[in-house]
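Participant: can't give you the sequence, but here's the structure:
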Ligand SMILES: NC(=O)c1ccc[n+]([C@@H]2O[C@H](COP(=O)([O-])OP(=O)(O)OC[C@H]3O[C@@H](n4cnc5c(N)ncnc54)[C@H](O)[C@@H]3O)[C@@H](O)[C@H]2O)c1
């Protein structure tokens, strides 16, 4: 399999490379030499990923004559907090890292977010390389430059925008990705395809079997298409002023569901997939989108194994949780909705209509069905 290369290019004139393929860990140091003059590389990883890949990454960086340090945090979302960030800042200072240093985030989205956050704030910002090892991190969190940590009051409430200088997605690392983590990446890929439009969408429909079999060529192509799509979006809207909002498709309902289930009880991927199912039904009434869209989308999500959520959550609770989402502005409920595949809009939806659809969702899920269209009265 040959490595695929993409470039994220910003209007302001700067850019960075992404590689997606094999042998990218062993060649990491050589590739980093092309983009940095740093002499010290600090690998930040978690204890799961570190135990599998740190030795290889250290060797690759040493081979390219970096002075190498590593810092390991406990795996899991709980590590994405200010205490761990402060420990990492202190550790960088203790190691004597200055502008001669580069941070390498080796892991999933948790490591990527906190490593980039620490890099972007330490000494007012040093460079960061992303080495994503989960499918979600490869297709989503490693590019786009959003960094962050969680507060008690919510996820990703503190963060910065800081683009990496290089992203290396080594497909070999996916061989150890736990089964339950794949669906998070699948949901992001499905979301990207639905927003991007017909070519990517049709390719995904034709390749759901290969996706579920983790066929390396199919997975590589899915990552490349998702990244191409996301790179185009973030390059045109680096700090989320408009276009980037499309990436929130499925999030308004999905985040409410995730919060209602208790973080960690329902995977992010399943929650976003359910959010897209909900949004497609809401679009029938809010936009007069064709009902067929919801069914077409259901088929794709089903084929990817992103099955409907079976646990029922009360409509009232989900409604309340939607309003407490950090993205709610002026007490308005904003949804990204599709008119058809590839044609999205952001709309403020009447809260009463949202409530009706939440009740329909609750009733349908209690019967084990997909919510249908609201009956005319
Ligand atoms: N910055 C962004 O734009 C952005 C976008 C989406 C999500 N995120 C963030 O990403 C995070 C979720 O990322 P995630 O789903 O990768 O979770 P994660 O980083 O917690 O990784 C999931 C689990 O898989 C393990 N793991 C990762 N790669 C592995 C591998 N190759 N082999 C074995 N185990 C491996 C990790 O140790 C962890 O236990 C969230 O904090 C979310 O807020 C950020």
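Facilitator: That came through, no problem. The model shown is predicted, which means the values in this text are computed figures rather than measured ones.
Participant: distance of residue 43 from the ligand?
Facilitator: Here residue 43 is placed at a distance of 14 Å from the ligand (CB to the nearest ligand atom, to the nearest Å). All C-beta spots, glycine's among them, are computed from the backbone N, C-alpha and C.
Participant: List the neighbouring strands of the host helix or strand of that residue plus their orientation.
Facilitator: Under the criterion of DSSP states H and E, residue 43 resides in strand 40-46. Taking DSSP bridges as the criterion, strand 40-46 forms sheet pairs with strand 67-73 (parallel), strand 101-107 (parallel).
Participant: Which SSE is immediately downstream of the last one?
Facilitator: Secondary structure here is assigned by DSSP H and E; on that basis, the next helix or strand after strand 101-107 toward the C-terminus is helix 109-121.
Participant: Could you check the angle that next one makes with strand 40-46?
Facilitator: 150 degrees (axes from the mean of the first three to the mean of the last three CA atoms, to 10 degrees).
Participant: Which strands and helices lie in contact with the helix or strand just after helix 109-121?
Facilitator: Downstream of helix 109-121, the first helix or strand assigned by DSSP H and E is strand 127-132. Contacts defined by 3 or more CB pairs under 8 Å, 6 or more residues apart in numbering; DSSP states H and E place strand 127-132 against helix 28-33, strand 101-107, helix 109-121, strand 166-170.
Participant: Number of residues surrounding residue 186?
Facilitator: 25 (other CB atoms under 10 Å).
Participant: That one touches residue 269, doesn't it?
Facilitator: Yes - counting by CB atoms under 8 Å, residue 269 is a contact partner of residue 186 at 6.1 Å.
Participant: shared neighbours of the two, which are they?
Facilitator: Contact criterion CB atoms under 8 Å, 6 or more residues apart in numbering; residues shared by residue 186 and residue 269: residue 306.
Participant: re the thing from before, among the strands paired with strand 40-46, which comes closest to residue 49?
Facilitator: strand 101-107 (4.2 Å; CB to CB).
Participant: Compute the inter-axis angle for that closest one and strand 166-170.
Facilitator: Relative orientation of strand 101-107 versus strand 166-170 (the same axes, to 10 degrees): 30 degrees.
Participant: and the stretch 101-250 of the chain, which residues reach the ligand?
Facilitator: 107-111, 113, 133-134, 136-137, 140-141, 144, 146, 155-156, 173, 176-178, 181, 184 (CB under 6 Å from any ligand atom).
Participant: Next one: residue 96 relative to the ligand, how far apart?
Facilitator: Counting by CB to the nearest ligand atom, the gap from residue 96 to the ligand is 28 Å.
Participant: heads up, I number from 6, so please use that
Facilitator: Okay, using 6 as the starting number, the last item reads as residue 101.
Participant: For the residue most central in space within the chain, give me its contacts.
Facilitator: Residue closest to the average C-alpha location in the chain (CA atoms, centre = their mean): residue 145, at 3.7 Å. Contacts for residue 145 (CB under 8 Å, 6+ apart) come out as 114, 190, 193, 231, 235.
Participant: Adding neighbour count, write those residues out as TSV.
Facilitator: TSV is the format used below for those (neighbours: other CB atoms under 10 Å):
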residue	neighbour count
114	22
190	26
193	26
231	26
235	23
